[in-house]
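Enquirer: Build me a model from this:
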Amino acid sequence: MQSRQQGMIQIDGSYGEGGGQILRTALALSAILKKPFTLYHIRCKRKNPGLQAQHLAAVEALARITEAQVEGVTFGSQEITFIPQRVHSGEYQFEVRTAGSAILLLQAIFLPLCFSRGVSNVTLIGGTHVQWSPSFHYFSEVFLPALEGLGVSATVAIERWGFFPKGGGRIRLKINPIQELKPISLVDRGSLKKIRGISAVSKLPEHVAERQKEQALKRIQGELKIDGEIAVLDDVHSDGPGSFLFLLAEYEKVISGFSALGVKGKPAERVADEAVDSLKDYLESEGCVDPYLTDQIVPFMALAKGNSSITTMLITEHLLTNLWVIQHFLDVTISKEGEKGKKGRVEFLNG
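Expert: Numbering: from 1, shown residues only. Predicted structure coming up:
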């Protein structure tokens, strides 16, 4: 491939956690800044290296949105080149085959469409509640509210849920254009206002959702000494069976989310315990932002005019890798305190 052109940003996809997040962040920043890049060694450490279905969907979607020239966009490819033109708003529909995550696709296209010149209406088809990716509810209840502080304006709705392995979920998203992002400071949580959540099942007995709820409330009230409210959704619209428990810790200044998914053979009580364990870790920790929001919000902070800062309960490899990718595209000073696996603080000095 004749892609190592002079002046083109070169990114080693094996760096850090070496996953698809490198690709998604690079695509988003490349699209906004009109900076072409070559990414090589894509997911080379993974069991199935190279581009998989959800990664292909992200590249193809942004190529369409930006009228980009691309090379290497084939299943299993470990090197691509992406040369964007301009971000175009519009009416879009994108599909991730099987139960590939529609929310991970959103991580690539959402930020660029915020910087387009008009309103965009996007329909996404794929997995909405699948392992190893944020759920639709995390995007709608945690991520979008956090972005409001940066000036992002968007609404989202779910029409059909997509569980593994069937997928087939459907999400509709409206993204309003912005001129620039505002700086944000998320360094303390404030007081805890409430714990709330949902327990949902599709094509499973109602008692599964009830057991998830009861086990979660038993531990929240018994161990954590906090009142909680969990709504039961006993037959959500989906192509296949699945169960999901989602817990929100709503503080004065930030909302954090923790979830677990059912799989065949996993008791409902274990699903609840997984979500509560994550919630408990957060409640008993220091730092404002949960680790999932931390690595997702830093590209927005890097583009904001002015200085932004966050504290997090956990510095993850995902976060460190995302900061590394950002520095390939932006001349912004990043100050980081704390070591991987511990609490920390990240500041973007862009005044």
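
Enquirer: Pull the contacting residues for residue 235.
Expert: 201, 202, 203, 206 (C-beta atoms under 8 Å, 6 or more residues apart in numbering). Every C-beta, even on glycine, is put in place using the N, C-alpha and C of the backbone.

Enquirer: Quickly note the distance from it to residue 206.
Expert: Using C-beta to C-beta, to the nearest Å, residue 235 is found at 8 Å from residue 206.

Enquirer: Same check on residue 319?
Expert: For residue 319 relative to residue 206 (C-beta to C-beta), the value is 39 Å.

Enquirer: rewinding a little: name only those of the contacts of residue 235 that count as buried.
Expert: 201, 202 (16 or more other C-beta atoms under 10 Å).

Enquirer: Can I get the helix or strand hosting residue 60 in PDB, CA atoms only?
Expert: Using DSSP states H and E, residue 60 sits within helix 53-66. Coordinates of the C-alpha atoms in helix 53-66 are reproduced here as PDB (Å, rounded to 0.1, in the frame of the first residue of the first chain):
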ATOM      1  CA  ALA A  53     -17.500  -5.600  11.200                       C
ATOM      2  CA  GLN A  54     -18.000  -2.700  13.600                       C
ATOM      3  CA  HIS A  55     -14.700  -1.100  12.700                       C
ATOM      4  CA  LEU A  56     -15.500  -1.400   9.000                       C
ATOM      5  CA  ALA A  57     -18.900   0.200   9.600                       C
ATOM      6  CA  ALA A  58     -17.100   3.200  11.400                       C
ATOM      7  CA  VAL A  59     -14.700   3.800   8.500                       C
ATOM      8  CA  GLU A  60     -17.400   3.400   5.900                       C
ATOM      9  CA  ALA A  61     -19.700   5.800   7.700                       C
ATOM     10  CA  LEU A  62     -17.200   8.500   8.200                       C
ATOM     11  CA  ALA A  63     -16.000   8.100   4.600                       C
ATOM     12  CA  ARG A  64     -19.500   8.800   3.500                       C
ATOM     13  CA  ILE A  65     -20.000  11.700   5.900                       C
ATOM     14  CA  THR A  66     -16.700  13.400   4.800                       C
END
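
Enquirer: other SSEs contacting that helix?
Expert: Packing partners of helix 53-66 (3 or more C-beta pairs under 8 Å, 6 or more residues apart in numbering; DSSP states H and E): helix 20-33, strand 79-83, strand 91-95, helix 102-114.

Enquirer: Same question for the first one: list its buried residues.
Expert: Right, the one you point to is helix 20-33. 20-32.

Enquirer: As a check, name the ranges of all helices in the stretch 51-200 of the chain.
Expert: Applying DSSP state H, counting those that start in this stretch to the stretch 51-200 of the chain gives helices spanning 53-66, 102-114, 136-138, 144-148.

Enquirer: Buried deepest among those, which one?
Expert: Compared across those, helix 102-114 shows the largest average neighbour count, a mean of 26 (mean count of other C-beta atoms under 10 Å).

Enquirer: Kindly calculate the angle that it makes with strand 91-95.
Expert: 160 degrees (axes from the mean of the first three to the mean of the last three C-alpha atoms, to 10 degrees).

Enquirer: So which elements touch helix 102-114?
Expert: helix 20-33, helix 53-66, strand 91-95, strand 120-126, helix 136-138, strand 169-176, helix 291-303.

Enquirer: who's in contact with the fourth one?
Expert: Spelled out, that is strand 120-126. With C-beta under 8 Å, 6+ apart, strand 120-126 has contacts from 54, 57, 89-102, 105-106, 109, 113, 162, 167-175, 177.

Enquirer: now the strands for the stretch 201-350 of the chain?
Expert: Counting by DSSP state E, counting those that start in this stretch, one finds strands in the stretch 201-350 of the chain at the ranges 228-233, 242-251, 255-261, 308-312, 333-337, 344-349.

Enquirer: before we move on, the earlier item: just send the helices of the stretch 51-200 of the chain back as CSV, with distance to residue 325 too.
Expert: As requested, the helices of the stretch 51-200 of the chain are exported to CSV (distance: least, C-beta to C-beta, whole Å):
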stretch, distance to residue 325
helix 53-66, 14
helix 102-114, 12
helix 136-138, 21
helix 144-148, 19
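
Enquirer: and stretch 23-41, how far from the chain's centre?
Expert: 17 Å (C-alpha atoms, centre = their mean, to the nearest Å).

Enquirer: Mean confidence (pLDDT) on that stretch, please.
Expert: In this model, stretch 23-41 has a mean pLDDT of 97.

Enquirer: Which strand residues bridge residue 11?
Expert: residue 39 (DSSP bridges).

Enquirer: how about it, what does it touch?
Expert: Per C-beta under 8 Å, 6+ apart, neighbours of residue 11: 22, 26, 37, 38, 39, 40, 325, 328.

Enquirer: and which of those residues is nearest residue 264?
Expert: Minimum distance to residue 264 across these is 32.2 Å, recorded for residue 22 (C-beta to C-beta).
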